[in-house]
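Undergrad: Got a predicted model here, sequence first, then my questions.
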Amino acid sequence: MGNKQSQATVFAPLDSESSKIFNLTIDCFDEIFEYLNVKDLHSFGQTCKRMNKVAGEYFKQNYSSAPKECREDGIYMYCWDKDGVVNKRIQISGFNRFMPCISHYHLSLPKYIKSHINEFESTNHIHLREQRINSIRIKHFKRMLPQLEIVQHRECSMDGDFYDLILKYCKNLKVISVQSSDVGNRKNGKLNWLLQKYPKLERLELRPSDCCLIEELREFFVRNPNVQRFSTSSKFLSKNGDILLSSNAKLDILQVKRCNIISRFPLELLNRLHEQGFYKRLYIYTRSVDEELSTSLASVRGLELLCIWPFDKSYNLAELTNLRELIIYGESSAEDMENLANGLIRLERLYIDWANVNDIMPFIRRSPKLNKIKFIPRDEGVVLKLAMLNAERAKLAGARKIIIYTRDDVFLATKWTTRNGDTNLSFIEIRRADSIKWEHYD
């Protein structure tokens, strides 16, 4: 794979579906694909139908959470090469069959989906953004609605009732997500879509652009007892606190986003909701933290996930000893990382952006329950020294194996420079960042 001649041979059209290359096992193909960026993987998949299936399945497993944008002439995404260079947006329409999620951006909804609707057999998630949602635009992907499990719209306006336009056709809905968007028109003064039953629904995200009282939430939770996660903003939570307290809902997770230290968190309300059983586990996503807030968070019941953007200082966050997941954005000091790693003894997942290897080393050395790290470096050309990381992790008694999910350029550079291309050691393994769906700050 290391020379141009061999690559040209691989990417040339195959004369027959019975080519000897198909004597290789799936494991062999997967190992070959580990050395390719998504642009070359897509080229590999265009050589014949059988190769499209093999390469497409690898794409589905390793790029499932990568943003994929639908345009007038196809589906596009960005890719990195092993030198840390972002290539131009590339078309990946040859993998339409293997895309769990597709996104539509801006005002014009492409007609491409309508003309290729039968190809999107794996798509269960549609993300509409910056759109005016109406019956004309919905018709382009209406045939896809029955297979969808996730319907998400962000920064959108809506002409009509959300249920009549989309939701009533989605028989397999597990997630409804409204982010900084219009909640739809009211019928007889009520939000009709919140008064329906969705038998398979597991999660509702409601962060409307207009933070108003929504009385229909009481009835929604009564009609949909299978919902286990409710996501909203701190402002909406404060506005509708009495409604939620009187809803008698029993959720597993309450996810509070768009928190702001200027307006403060509704800490007392959160504890009241936890006390009456509205939620068991709490996820908070905040815009920065100061010393007062970092101290106050220790009194919030059920807090298991904390996301901070931007992150500039740890303050007293190390006292959040029940925290299981930490997501941080921004430059940090070695002292901050040492303090956090020493205090967050139950930490299982760490997402760290704009970072360097020294930022994750304290957690590798001191967090025995940690098993997943998503590491997005601030620099280009980063190569992970897996043998060293593995040796450091092995020193910690009772340590769990850590999978490090990282940007494609880091994965590729490490793969190409690691002896025998071994990226799966006893205590450390690396994978492509887009192979896992990690809900970070949005």
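TA: Sure thing, it's come through.

Undergrad: got the contact list for the lengthiest helix in the chain?
TA: Longest helix of the chain, by residue count under DSSP state H: helix 49-62. With contact meaning CB atoms under 8 Å, 6 or more residues apart in numbering, helix 49-62 is reached by 14, 17, 21-22, 26, 29-30, 33, 38, 41-42, 44-46, 92, 94-95, 97-100, 122, 431-432, 434-435. From N, CA and C alone the C-beta is placed, and that goes for glycine too.

Undergrad: show me where the stretch 151-300 of the chain has strands.
TA: 157-158, 175-181, 203-208, 229-233, 253-260, 281-287 (DSSP state E, counting those that start in this stretch).

Undergrad: can you tell me which of the ones you listed the model trusts least?
TA: Looking over these, mean pLDDT reaches its minimum on strand 253-260, with a mean of 89.

Undergrad: Flag every buried residue along it.
TA: Buried residues in strand 253-260, counting neighbours by 16 or more other CB atoms under 10 Å, are found at Ile253, Leu254, Gln255, Val256, Lys257, Arg258, Cys259.

Undergrad: The second one pairs with what?
TA: It refers to Leu254. Residues in a beta bridge with Leu254, per DSSP bridges, are Phe230, Leu282.

Undergrad: coming back round to it: now for the buried residues of strand 253-260: which two are most distant?
TA: Ile253 and Arg258 (16.6 Å; CB to CB).

Undergrad: Rebuild the buried residues of strand 253-260 as TSV, extending it with distance to Asn339.
TA: Compiled in TSV, those are given as follows (distance: CB to CB, whole Å):
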residue	distance to Asn339
Ile253	27
Leu254	27
Gln255	26
Val256	25
Lys257	26
Arg258	27
Cys259	22
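
Undergrad: how much space between Arg143 and His116?
TA: Look at Arg143 and His116: by CB to CB, to the nearest Å, they are 11 Å apart.

Undergrad: Next: Ile327.
TA: Here the criterion is CB to CB. By it, Ile327 lies 36 Å from His116.

Undergrad: which of those two has more neighbours?
TA: Ile327 (22 against 14; other CB atoms under 10 Å).

Undergrad: List the contacts of that one.
TA: Tyr285, Leu305, Leu306, Cys307, Ile308, Trp309, Leu350, Tyr351, Ile352, His440, Tyr441.

Undergrad: and the helix or strand hosting Lys415, which residues are buried?
TA: Here Lys415, judged by DSSP states H and E, is contained in helix 408-417. Of the residues in helix 408-417, those buried under the neighbour-count criterion (16+ other CB under 10 Å) are Asp408, Asp409, Val410, Phe411, Leu412, Ala413, Thr414, Lys415.

Undergrad: follow-up on the earlier one: restrict the longest helix of the chain to CA atoms and write it as CSV.
TA: As requested, the backbone C-alpha atoms of helix 49-62 are provided in CSV (Å, rounded to 0.1, in the frame of the first residue of the first chain):
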residue,chain,number,x,y,z
LYS,A,49,-20.4,-3.6,-6.6
ARG,A,50,-18.8,-6.2,-4.3
MET,A,51,-16.1,-3.8,-3.3
ASN,A,52,-18.7,-1.0,-2.7
LYS,A,53,-20.4,-3.2,-0.2
VAL,A,54,-17.1,-4.1,1.6
ALA,A,55,-15.8,-0.6,1.7
GLY,A,56,-19.3,0.8,2.4
GLU,A,57,-19.7,-1.3,5.5
TYR,A,58,-16.3,-0.1,6.8
PHE,A,59,-17.5,3.5,6.1
LYS,A,60,-20.7,2.9,8.0
GLN,A,61,-18.8,1.6,11.0
ASN,A,62,-16.0,4.2,11.1
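
Undergrad: helices or strands up against whichever helix or strand comes after that helix?
TA: Using DSSP H and E, the next helix or strand after helix 49-62 towards the C-terminus is strand 69-71. Judged by 3 or more CB pairs under 8 Å, 6 or more residues apart in numbering; DSSP states H and E, strand 69-71 is in contact with strand 74-77, strand 101-105, helix 112-115.

Undergrad: worst average pLDDT in the ones you listed?
TA: Considering the helices and strands packed on strand 69-71 one by one, the lowest average pLDDT is found for strand 101-105, at a mean of 87.

Undergrad: Adjacent strands (with direction) for that one?
TA: For strand 101-105, the pairing partners within the sheet under DSSP bridges are strand 69-71 (parallel), strand 125-129 (parallel).

Undergrad: would you list those in CSV and tack on mean neighbour count and mean pLDDT?
TA: CSV is the format used below for the strands paired with strand 101-105 (neighbours: other CB atoms under 10 Å; pLDDT from 0 to 100):
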stretch, mean neighbour count, mean pLDDT
strand 69-71, 20, 89
strand 125-129, 21, 93
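
Undergrad: Out of the ones you listed, the one nearest Tyr169 is which?
TA: Closest approach to Tyr169 among the strands paired with strand 101-105 (CB to CB): strand 125-129, 11.8 Å.

Undergrad: In CSV, please show the C-alpha coordinates belonging to the closest one.
TA: Extracted as CSV, the C-alpha positions of strand 125-129 are listed here (Å, rounded to 0.1, in the frame of the first residue of the first chain):
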residue,chain,number,x,y,z
HIS,A,125,-31.6,10.1,11.1
ILE,A,126,-32.3,13.3,9.3
HIS,A,127,-31.0,16.7,10.4
LEU,A,128,-32.6,19.9,9.0
ARG,A,129,-30.8,23.1,9.6
